[in-house]
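Peer 1: Attaching a predicted model along with its sequence, questions to come.
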Amino acid sequence: MTLDLLPFGSTALITAVDWDQIPREDAQRLRVLGLDEGAEVGLAHRGVFGGKDPLAVTIGRMTVALRRSHAAAMTVHAE
């Protein structure tokens, strides 16, 4: 499953990222924040506007706002 489909309140391990689907600058920023293969993430909130963007994703003690399209490029394994 991809990160954008992770059930609310769940945690998962990022197993793969299709970096070609994410613009280069955004991909670089996400890597710096630790959103890469092997990271444990949780889905804290979903946006309420239109396509439900952005998603609030927890990684460690940090919460990051993430576009749904970026989350769709990340394959996760739910724990």
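Peer 2: Yep, that arrived.
Peer 1: what about G42, distance to Q28?
Peer 2: Note on G42: its distance to Q28, by CB to CB, to the nearest Å, is 23 Å. Placement of C-beta: from N, CA and C, glycine included.
Peer 1: Those two: which is more packed in?
Peer 2: G42 (16 against 12; other CB atoms under 10 Å).
Peer 1: Tell me which residues touch that one, please.
Peer 2: G9, S10, T11, A12, V57, T58, I59 (CB atoms under 8 Å, 6 or more residues apart in numbering).
Peer 1: Looking at the residues you listed, spot the one nearest R67.
Peer 2: V57 (10.6 Å; CB to CB).
Peer 1: Determine the set of other helices and strands touching the strand or helix carrying the closest one.
Peer 2: For V57, the host element (DSSP states H and E) is strand 53-59. For strand 53-59, the packing partners by 3 or more CB pairs under 8 Å, 6 or more residues apart in numbering; DSSP states H and E come out as strand 40-49, strand 62-66, helix 68-71.
Peer 1: The second one packs against which elements?
Peer 2: I take that to be strand 62-66. helix 24-33, strand 53-59.
Peer 1: Show me the shaky parts of this structure.
Peer 2: 49-51 (pLDDT under 70).
Peer 1: count of residues packed around L55?
Peer 2: 22.
Peer 1: Equivalent analysis for I14, please.
Peer 2: As a burial measure, I14 scores 19 neighbours (other CB under 10 Å).
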